[in-house]
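J.: Fold the following, please.
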Amino acid sequence: MIFEYFHNTKITEYSLNHIGQINISIDNKEINKKQTLFYYVNHQYSLHDDLKLSTKSLISKYLESFLSQRDYNDTILSINILLESFAIELDSDIIKSQFVTLTPKSLLKLLIPLYFIEDEQANEYDLSYDEIIIVQLKMIEFISRDIEMTVFCLIEIPELTQAIKECIQQLNQCIVIVILTSSQVLLEFKDIYYMSNIIIDCSDDELIYETFLSKGVCTLKEAKQIMQDIVNKEYQKQQLSITKNI
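T.: Below is the predicted model:
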C-alpha cells in the first residue's frame with residue numbers, strides 16, 4: 001500500500017471496494033506526495049542497475065545532491081564560461097553555436113559513475129549483507145541533509161544488525177519505517193509494531209490493554225509485561241516493524 005500511495009498507482013475497483021482509499025498520515029497530517037521523496041531500501045538492491053542513473057535511481061539523486069553543494073558552484077560556473085568561449089570559437093559564417101548551460105542535474109548525463117572499494121572497482125556481489133544496506137542508507141542520509149522536501153524511507157530487510165541499526169539512527173531528517181523478520185539487537189518496546197497472530201502497536205497502551213483484557217489481565221502493567229515477553233521471546237522469529245518519525 002505504501003508503494004501504491006507514493007508511486008501514484010491508479011487504484012483498482014477491487015482495491016477501492018476491499019481496501020479503500022489509501023492515505024498516509026503522521027500525527028494526523030497527511031503526507032504531501034508532491035513534497036516527499038520516497039526511497040525503498042532492501043537487501044536485493046542492484047548497484048549495477050542503479051549506476052545506470054535512471055529516473056528513479058538513488059545514485060542519481062545522491063550525485064545530484066553532491067554536485068549541488070556550494071563547493072562546486074564556482075567549478076560549474078567556470079565550466080559554463082569555458083563552454084561559452086568554445087562556442088564562440090566554433091562560430092562560422094553559416095552556423096553559430098551555443099552549448100546548453102550545465103546544471104548539477106544535467107551534468108549527470110556526462111557522468112559514468114563507478115563503485116570502488118579500496119581503490120578497486122566493485123559491484124554488489126562484492127558487498128556483504130550489511131554493506132549493501134548501509135550503502136543505500138548513507139546515500140539517503142546525504143540527500144536528506146539540506147533539502148526542503150520530506151524524505152520517506154521504507155526499509156525492508158530480513159535481519160536487523162547493529163551496524164544497520166546505527167546507520168538507521170543517522171536518518172534523523174527522515175521519516176523511516178523498518179520491516180524486518182529478525183533482529184540481532186534489542187529493540188525499544190515503544191518503537192515496535194508487532195505483526196503475527198496478533199497485530200499491536202506497542203506504543204498504544206489502550207490497544208495493548210484491550211487485547212489482553214479478555215485473557216484475564218487486570219492492569220495495564222500486566223498487559224504490557226505480557227506483550228514485552230512475547231516480543232522478547234519471539235522477535236527473532238516474527239515480523240516486526242520499527243517506526244521512527246522525526
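
J.: Would you map the helices across this structure?
T.: Ranges of helices in the chain, per DSSP state H, are 2-6, 13-18, 47-50, 58-67, 73-89, 104-107, 129-145, 162-168, 205-213, 220-234.

J.: which stretches of the chain aren't confidently modelled?
T.: Across the chain, the ranges flagged by pLDDT under 70 are 1, 8-11, 18-20, 234-246.

J.: Residue 111 touches residue 62, doesn't it?
T.: No - shown here, residue 111 and residue 62 do not form a contact pair, counting by C-beta atoms under 8 Å, at 11.6 Å. Where you see a C-beta, it was placed from the backbone N, CA and C, and this is true even at glycine.

J.: more neighbours, the two?
T.: residue 62 (20 against 13; other C-beta atoms under 10 Å).

J.: who's in contact with the more buried one?
T.: Residues near residue 62 by C-beta atoms under 8 Å, 6 or more residues apart in numbering: 139, 142, 143.

J.: mind redoing it with 10 Å?
T.: 50, 113, 135, 136, 138, 139, 140, 141, 142, 143 (C-beta atoms under 10 Å, 6 or more residues apart in numbering).

J.: same deal with residue 79?
T.: By C-beta under 10 Å, 6+ apart, the contact set of residue 79 is 72, 99, 101, 102, 107, 110.

J.: And for residue 231?
T.: Residue 231 sits next to 183, 186, 187, 189, 192, 194, 200, 202, 238, 240 when contact means C-beta under 10 Å, 6+ apart.

J.: at 7 Å what do you get?
T.: Going by C-beta atoms under 7 Å, 6 or more residues apart in numbering, residue 231 touches 189, 192, 194.

J.: Same check on residue 124?
T.: Per C-beta under 7 Å, 6+ apart, neighbours of residue 124: 45, 46, 47, 48, 132.

J.: and residue 17, how many residues sit next to it?
T.: Neighbours of residue 17 (other C-beta under 10 Å): 8.

J.: Ok, residue 140 next?
T.: What residue 140 shows, counting by other C-beta under 10 Å, is a neighbour count of 23.

J.: List the contacts of it.
T.: Shown in contact with residue 140 (C-beta under 7 Å, 6+ apart): 39, 151, 153, 171, 174.

J.: give me that answer again for 10 Å
T.: Residue 140 sits next to 37, 39, 41, 58, 61-62, 151, 153, 155, 167, 170-171, 173-174, 176 when contact means C-beta under 10 Å, 6+ apart.
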